[in-house]
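Requesting a structural model of the entry that follows:
(one chain, ligands or ions: 2)
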Amino acid sequence: MEIFKYLEKYDYEQVVICQDKESGLKAIIAIHDTTLGPALGGTRMWTYASEEAAIEDALRLAKGMTYKNAAAGLNLGGGKTVIIGDPRKDKNEELFRAFGRYVQGLNGRYITAEDVGTTVADMDLIHEETDYVTGISPAFGSSGNPSPVTAYGVYVGMKAAAKEAFGTDSLEGKVVAVQGVGNVAYHLCKHLHEEGAQLIVTDINKEAVQRAVDDFGAKAVDPDEIYGVECDIYAPCALGATVNDDTIPQLKAKVIAGSANNQLKEERHGDQIHEMGIVYAPDYVINAGGVINVADELYGYNAERAMKKVEGLYDTIAKVMEISKRDGIPTYKAADRMAEERIAKMQKSRSQFLQNGHHILSRRK
Ligand SMILES: NC(=O)c1ccc[n+]([C@@H]2O[C@H](COP(=O)([O-])OP(=O)(O)OC[C@H]3O[C@@H](n4cnc5c(N)ncnc54)[C@H](O)[C@@H]3O)[C@@H](O)[C@H]2O)c1
Ligand SMILES: CC(C)C[C@H](N)C(=O)O
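Ligands and ions are numbered 1, 2, ... in the order given. Take a look at the predicted model:
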């Protein structure tokens, strides 16, 4: 990978390579864009096939956070961290504290939180070294685990997408096929069940499936069967890239709305489902509940205020649908347009002022 070429192509600001021999820390902090504010994005811990794959993932995810935060109306830029390691075996206190010191060293340019492979307990360790971490234990006056709030955001966003597809946002009687019933999707299923939706679920974890069957009367299917089941809504809540050449021909759903990041394998798949008349709720818009929730900590966490903002995802998804119709473009492009327009406007308005409110004359003795 020619790193500077890549950074230039997508206009990244900074990449920090973190190494600590004692604890075994190997991490990459990628900061994509701080036009709107400090870069906020989670820390992923994962085993990568190569260092290059880890760097690429950090960069791709950081750019995604720029768009997610901008579309969510947050005054935050985009960044992300990748820690190379197995979250089941390689975690230790020194590692997260060493990482926390790196975050502190950025002096607020980057703020972290949970992502795949990290937990509230890990964030608490990072917090021992820096204040620039969110999603720490509620005992610190913080917001805790973002997953249930992400789920609520997906639920309200799904209703907005249903309104577009079916003319009503009621999910009562609608059949929803949920792929992956982990942290986010379990809570999503609860909301859907309470509204009277029928659930079809799958997961590679049999216990997770059984819990959804027992708690919500869900029907279970094998992982490969989920794409082709008769349903109204497909909710991808496990992996990325599940909307692809193999799965699109199988889909019966009229709506795609779920929590997974990077659902479209390639952009052309977004064009394809648009042409088929499937209403797609863009992933980074509908799954922003978690980041909206942790971002509220920056104002002194208030759960009621945060949930109100998360409820706003209904209107945000509706706005994306409007732009899509107005401009005759697929919804994934409409979301990008909305985020890019906001960043461009702020860049323009900020450029009329001096950085950080400091005038050059303030340096004069
Ligand atoms: N947790 C959050 O707040 C949050 C926020 C935004 C986006 N997301 C995204 O939402 C998705 C789910 O996040 P989570 O926190 O619930 O993760 P999780 O690990 O708790 O849940 C994912 C579930 O998917 C299952 N799974 C994995 N591969 C599968 C396959 N091939 N078929 C079926 N099931 C499979 C896993 O067994 C697991 O139960 C991820 O893509 C994540 O990046 C999460
Ligand atoms: C800041 C975190 C809560 C972000 C979350 N992991 C996401 O992908 O949106």
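
Looks like residue 123 contacts residue 103 (just checking).
No. Residue 123 is not in contact with residue 103 according to C-beta atoms under 8 Å; the separation is 10.8 Å. Any C-beta I mention is one placed from the backbone N, CA and C, and that applies to glycine too.

which residues are in contact with both of these two?
Counting by C-beta atoms under 8 Å, 6 or more residues apart in numbering, the contacts common to residue 123 and residue 103 are 112, 133.

What segments of the stretch 201-350 of the chain are strands?
Ranges of strands within the stretch 201-350 of the chain are 219-220, 233-236, 255-256, 279-280, based on DSSP state E, counting those that start in this stretch.

Of all the ones you listed, which one comes closest to residue 136?
Closest of those to residue 136 is strand 233-236, at 28.7 Å (criterion: C-beta to C-beta).

Let me see the ranges of the helices in this protein.
Residue ranges of the helices in the chain, as given by DSSP state H, are 3-9, 51-71, 93-105, 120-127, 147-166, 183-195, 206-216, 267-275, 283-286, 289-295, 303-311, 313-327, 331-351.

Could you list the residues in contact with the first one?
Okay, so that is helix 3-9. Helix 3-9 has contacts (C-beta under 8 Å, 6+ apart) with 12, 15, 55, 59.

Turn the helices of the chain into TSV, including mean neighbour count.
Below are these laid out as TSV (neighbours: other C-beta atoms under 10 Å):
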stretch	mean neighbour count
helix 3-9	11
helix 51-71	22
helix 93-105	20
helix 120-127	21
helix 147-166	24
helix 183-195	21
helix 206-216	15
helix 267-275	17
helix 283-286	26
helix 289-295	27
helix 303-311	16
helix 313-327	19
helix 331-351	17
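
Give the bridge partners for residue 243, please.
Residue 243 forms beta bridges with residue 264, as assigned by DSSP bridges.

What residues does it make contact with?
Contact partners of residue 243, counting by C-beta under 8 Å, 6+ apart, are 236, 256, 263-265, 269-270, 273, 280.

try 10 Å
By C-beta atoms under 10 Å, 6 or more residues apart in numbering, the residues touching residue 243 are 227, 234, 236, 251, 256, 258, 260, 262-266, 269-270, 272-273, 278, 280, 283, 332.

hmm, stretch 31-38 in reach of ligand 2?
No. Residues of stretch 31-38 are not located near ligand 2 by C-beta under 6 Å from any ligand atom, the shortest gap being 12.3 Å.

What is the distance between that stretch and the centre of its chain?
Per C-alpha atoms, centre = their mean, to the nearest Å, the displacement of stretch 31-38 from the mean C-alpha position of its chain is 16 Å.

list the buried ones in it?
For stretch 31-38, the neighbour count (16 or more other C-beta atoms under 10 Å) marks 31-38 as buried.

one step back: please identify which of the strands of the stretch 201-350 of the chain is closest to ligand 1.
The closest of the strands of the stretch 201-350 of the chain to ligand 1 is strand 233-236. By C-beta to the nearest ligand atom, the value is 8.0 Å.
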